[in-house]
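In: Got a predicted structure here, sequence first:
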Amino acid sequence: GHIQLAIDVQLQARIRALLNPKLGLFRVQQWHYGWNSDGTPKPALRPLGSDLRGAAVIIDVRSGETIAMVSSPSPSDQPYTDTELALLSLSSEKVGQLSAEDVAKRRELMARAPYTNRVVETVYAPGSIVKPLMYVAGVTDGVVAPGEEIECKGWYRCKTCKPRCWGWRPDKGMYHRHNIIGPVTAIEKSCNVYFYAVADRLGVDRMEEWYSRWSLGDQTLAGVPHGVRGIFRPNNTEIGRLLYGIGQDDVAWTPMHAAIAYARLAMNGREIEPTLVLSPTPEPREKAGDGQLWNSNAVDTALQGMRASVLTGTASAIRLPDRVREPIIRLDDLPGGAPTVWAKTGTSQVDNQASHGWYAGLIAPAGSDIPTHAFAVIVEHGNSGGNSAGPVAAQLIRQLAAEGYLGIEAASNAKPLEWIAGETDS
């Protein structure tokens, strides 16, 4: 019989085109790494111009319908040759007989994984995209006061460790700190110390419960049979407990988990049932969440922080040479039809390699402050969430507008945007 999917074919095609390396957004670029103060390029950890991998997903926050989910590369993007298939299908005994060159080639082929749907089958550390959610958890559970300010000295003091904020690197002559900071600015500037403190107060058991509420424990999401559960390894060491607060180390989830978590944020914690198959009617599935509503004041504050992040914070701009800032979410060519965007960047740290880059958030049509869609973008080894996944997310929003999801006026003006000269920092 026929199967009807929630996927919008036109939107899916648009997003797939964005993730094709031939377009350029899924290739290593110098702006992923940035430039030194003297204008010289910072060293890239991967060859400039080489292909990147990743995924993107968009869901309707009210219905849970998955209207686009794209994994790159796909089998049609990078099909294996017969020689490559033979190399991949070797037994472990024969793999041990390969030359070092062939072992490296096989490892790269396995990492390419075109038959893996990264949206629901690959887990990554959430990184800083978990910070708005962590604040809501702290306030809802009563361990953080609404709007509470916390001092960032550049590092967090505990008995056995001294984890730092991202701008505190004395070994590199960097002594940036956020000083006394409230939750909106902590989310906007992505202050690690603020969220170390939240995690320290919550403790491991409560954080495990909250990560579960954010859908981490759900295996079958959107009706996809091969979806995987997220990972939460209880680690009650001081450093382990603190790192949950910034989404690193012993926790990992898929892009679908991230989108569902943000959809729940938009709905004040209400349960969301991710849906891919519309008909025939699928068997009832367990919804993401446990029915507990979240503190509405904390949700509003988290959204304020995410909005500030888009306008002036870590999700706002890419820094180019000569103090030039290139805005990431630039929708000023949609007069009267520019949608509202709330977002957060994040990095998923990888040992001895460039980090994976996250850009995730919520979108509302022009003139509305009620989010209608949640999205998540991950760029494997993109190094910086804002610099690598941010431009992809910006174009993703344009494609959503072009297909009419964000209003008629936005759709009529949502042509792809050419990158132009940025604004110079004053």
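Out: Arrived safely, thanks for sending. Residues are numbered from 1 along each chain as shown.

In: Skip the chain neighbours and tell me the closest residue to I397.
Out: Spatial nearest neighbour of I397, chain neighbours left out: I363 (6.0 Å); criterion: Cβ to Cβ, 6 or more residues apart in numbering. In short, each C-beta sits where N, CA and C put it, glycine included.

In: need the next SSE after the host helix or strand of that neighbour, C-terminal direction.
Out: Using DSSP states H and E, I363 falls within strand 356-364. Remark: after strand 356-364, the chain's next helix or strand is strand 373-380, criterion DSSP H and E.

In: For the chain, give me the ranges with low pLDDT.
Out: For the chain, the stretches with pLDDT under 70 are 1, 77-78, 112, 219-225, 282-290, 334-336, 412-426.

In: so what's the residue nearest to the spatial centre of it bridging to?
Out: In the chain, the residue lying closest to the centroid (Cα atoms, centre = their mean) is W358, at 3.0 Å. For W358, the beta-bridge partners under DSSP bridges are G346, I378.

In: I378 is in contact with that one, correct?
Out: Yes: taking contacts as Cβ atoms under 8 Å, W358 lies within contact range of I378: 5.7 Å.

In: which residues are common contacts for these two?
Out: Contact criterion Cβ atoms under 8 Å, 6 or more residues apart in numbering; residues shared by W358 and I378: 124, 348, 389.

In: so of those, which ones are in strands?
Out: Counted as lying in strands by DSSP state E, out of the shared contacts of W358 and I378, are S348.

In: and the shared contacts of W358 and I378 as CSV, adding distance to I7?
Out: As requested, the shared contacts of W358 and I378 are exported to CSV (distance: Cβ to Cβ, whole Å):
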residue, distance to I7
Y124, 23
S348, 26
A389, 21
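
In: Highest neighbour count among the shared contacts of W358 and I378?
Out: A389 (32 neighbours; other Cβ atoms under 10 Å).

In: Could you find the closest non-adjacent residue to that residue?
Out: Spatial nearest neighbour of A389, chain neighbours left out: Y359 (3.6 Å); criterion: Cβ to Cβ, 6+ apart.

In: top helix in the chain by residue count?
Out: Assignment by DSSP state H gives helix 192-213 as the longest helix of the chain.

In: Helices along the stretch 101-250 of the chain, start to end?
Out: 118-121, 131-140, 183-189, 192-213, 238-244 (DSSP state H, counting those that start in this stretch).

In: Next, the buried residues of the fourth one.
Out: Right, helix 192-213. By 16 or more other Cβ atoms under 10 Å, the buried positions in helix 192-213 come out as 192-200, 202, 204, 207-213.

In: do the same with stretch 350-361
Out: 354-361.

In: Would you format those as a markdown table with distance to N236 included?
Out: Below are the buried residues of stretch 350-361 laid out as a markdown table (distance: Cβ to Cβ, whole Å):
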| residue | distance to N236 |
| --- | --- |
| A354 | 30 |
| S355 | 26 |
| H356 | 26 |
| G357 | 30 |
| W358 | 26 |
| Y359 | 31 |
| A360 | 28 |
| G361 | 32 |
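
In: so which of those residues would you say is closest to Q395?
Out: Q395 lies nearest to Y359 out of these, by Cβ to Cβ, at 11.1 Å.

In: tell me the contacts of the closest one?
Out: Y359 touches 315, 343-346, 376-377, 385-386, 389-390, 392-393, counting by Cβ under 8 Å, 6+ apart.

In: Emit the PyMOL select command for whichever of those are buried.
Out: In PyMOL syntax, the buried subset of the contacts of Y359 is picked out as below (16+ other Cβ under 10 Å):
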select buried, resi 315+343+344+345+346+376+377+385+386+389+390+392+393
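
In: is it possible to export the contacts of Y359 to JSON lines including distance to V70?
Out: Shown next, in JSON lines, are these (distance: Cβ to Cβ, whole Å):
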{"residue": "A315", "distance to V70": "21"}
{"residue": "A343", "distance to V70": "18"}
{"residue": "K344", "distance to V70": "21"}
{"residue": "T345", "distance to V70": "20"}
{"residue": "G346", "distance to V70": "19"}
{"residue": "A376", "distance to V70": "11"}
{"residue": "V377", "distance to V70": "10"}
{"residue": "G385", "distance to V70": "18"}
{"residue": "G386", "distance to V70": "20"}
{"residue": "A389", "distance to V70": "13"}
{"residue": "G390", "distance to V70": "17"}
{"residue": "V392", "distance to V70": "10"}
{"residue": "A393", "distance to V70": "13"}
